[in-house]
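>>> Could you work out the structure for the sequence below:
(3 chains)
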Amino acid sequence: MPELPEVQTVVNSLAKLKNKRIISFKSFHSKIIYNLDHSTFIENVVNKKVDSVKRKGKYILIKLDTGYLVCHLRMTGQLFLSDKLPENRRHMRAYFNLSKDFMIYNDIRKFGGFYYFSSIDEFNLKVGVDPYEKEFTFKWLRNGLKSRSRSIKHLLLDQKFICGLGNIYVDEILWLTKIHPEKKSNKIKMIKNLYENILTVLDNSIKHHGTTIINFTFDNMKTGEFKNELKVYAREGMRCFRCNNKIIRKKIASRSTHYCRKCQK
DNA sequence: CCCGATGTTCGATT
DNA sequence: AAATCGAACATCGG
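Here you go, the predicted structure:
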């Protein structure tokens, strides 16, 4: 579910986590830690103080005294701060006790979870370039597209290339740039437009606190309003805002893809 | 009731 | 090497 704008929204909502200390960790789902066994994870995380909360791609990076507590929300994860444990704990998979309050992790589908990395280099192996990093330049994108021949939809979804884009925003960006999602990346002409539109779409969505279709929430059940700004995603059968043609939906790169056949070439 | 679909990622198989 | 598929899991709608 959450892509870069939603994860950024969650990171912003966790600002108060800075300088708090993790007193204890409790989990209710055995696969919640991806890269360590539970006792090793707890040894590394408990009694550490939070230095900063940032994001790379779709990962939430919580820098501790030593090492990084990393969270990925996958499809339905929700991470938020609360003074008390919620009444409804049906989907609560874990929580961190922060002495005065809690950081709670809910996840309907149980795909998401946590990592601990002792160094950021170890984490960085998992992802490519984030659109908000200085490495993300027009020239970098042009070289990346020219040197590959996959469909642009597939390439933009590849987290080891650009990290942070997912199914909603790739469809939105390609619609805005008038690029057909199956176009091979090395044949694309409007790379400058594509580069600018990646940042434009992400900026706009972050301003609206991301997109809530069904499950995305931040800061304990607040929802994102970018849903109202979507131009193609979830608009199958409706009219294209640009050319009035019907928006179609087709599986591309194994993902449900929305586009306008008439004005995306 | 059963089938398909859901915003993600990983690993196995073509 | 790159594309495709299923699996991880819960829920909802047709």
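>>> how near is the residue in the stretch 51-200 of chain A positioned nearest to DNA strand B to A:N88?
Across the stretch 51-200 of chain A, no residue is closer to DNA strand B than A:G166, which sits at 1.9 Å (Cβ to the nearest atom of the strand). (Glycine included, C-beta is placed from N, CA and C.) Going from A:G166 to A:N88 by Cβ to Cβ, to the nearest Å gives 27 Å.
>>> ok, now which ones touch the nearest residue to A:H208 once chain neighbours are set aside?
With Cβ to Cβ, 6 or more residues apart in numbering as the measure, A:F226 is the residue that lies nearest to A:H208, at 3.9 Å, once sequence neighbours are left out. Neighbouring residues of A:F226 by Cβ atoms under 8 Å, 6 or more residues apart in numbering: A:P5, A:N204, A:S205, A:H208, A:H209, A:G210, A:T211.
>>> thinking again about what came up before, neighbour-wise, which of A:G166 and A:N88 wins?
Neighbour totals were compared for A:G166 and A:N88, and A:G166 leads with 21 against 7 (other Cβ atoms under 10 Å).
>>> wouldn't the more buried one be in contact with A:Q159 here?
No. Under the contact definition of Cβ atoms under 8 Å, A:G166 does not touch A:Q159, with a separation of 9.0 Å.
>>> what residues do those two have in common as contacts?
Residues touching both A:G166 and A:Q159 (Cβ under 8 Å, 6+ apart) are A:K58.
>>> ok so A:L202 is a strand residue?
No. Applying DSSP: H, G, I helix; E, B strand; the rest coil, one finds A:L202 to be helix, outside a strand.
>>> Show me the strands in chain A, by range?
A:24-27, A:50-56, A:59-64, A:68-72, A:77-82, A:92-97, A:102-107, A:113-117, A:247-252, A:255-260 (DSSP state E).
>>> Among those strands, which comes closest to A:S39?
For A:S39, the closest of those is strand A:24-27, at 10.7 Å, according to Cβ to Cβ.
>>> Filter the contacts of A:F226 to keep only those in contact with DNA strand B.
A:T211 (Cβ under 7 Å from any atom of the strand).
>>> could the contacts of A:F226 go into TSV alongside neighbour count?
Converted to TSV, the contacts of A:F226 look like this (neighbours: other Cβ atoms under 10 Å):
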residue	neighbour count
A:P5	27
A:N204	14
A:S205	26
A:H208	16
A:H209	23
A:G210	27
A:T211	27
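>>> Tell me how far A:E196 lies from A:F138.
Relative to A:F138, A:E196 is positioned 8 Å away (criterion: Cβ to Cβ).
>>> try A:D121
Using Cβ to Cβ, one obtains 27 Å as the distance from A:D121 to A:F138.
>>> okay, those two: which has more neighbours?
Taking other Cβ under 10 Å, A:D121 and A:F138 do not tie; A:F138 has more neighbours (12 against 8).
>>> Surely that one and A:N193 touch.
No. Here A:F138 does not reach A:N193: they are 10.2 Å apart, not a contact under Cβ under 8 Å.
>>> DNA strand B contacts on the stretch 101-250 of chain A?
By the rule Cβ under 7 Å from any atom of the strand, the part of the stretch 101-250 of chain A lying against DNA strand B is A:111, A:126, A:157, A:159, A:166-168, A:211-216.
>>> What subset of the residues you listed is buried?
Using 16 or more other Cβ atoms under 10 Å as the burial test, these include A:K126, A:L157, A:Q159, A:G166, A:N167, A:I168, A:T211, A:T212, A:N215, A:F216 as buried.
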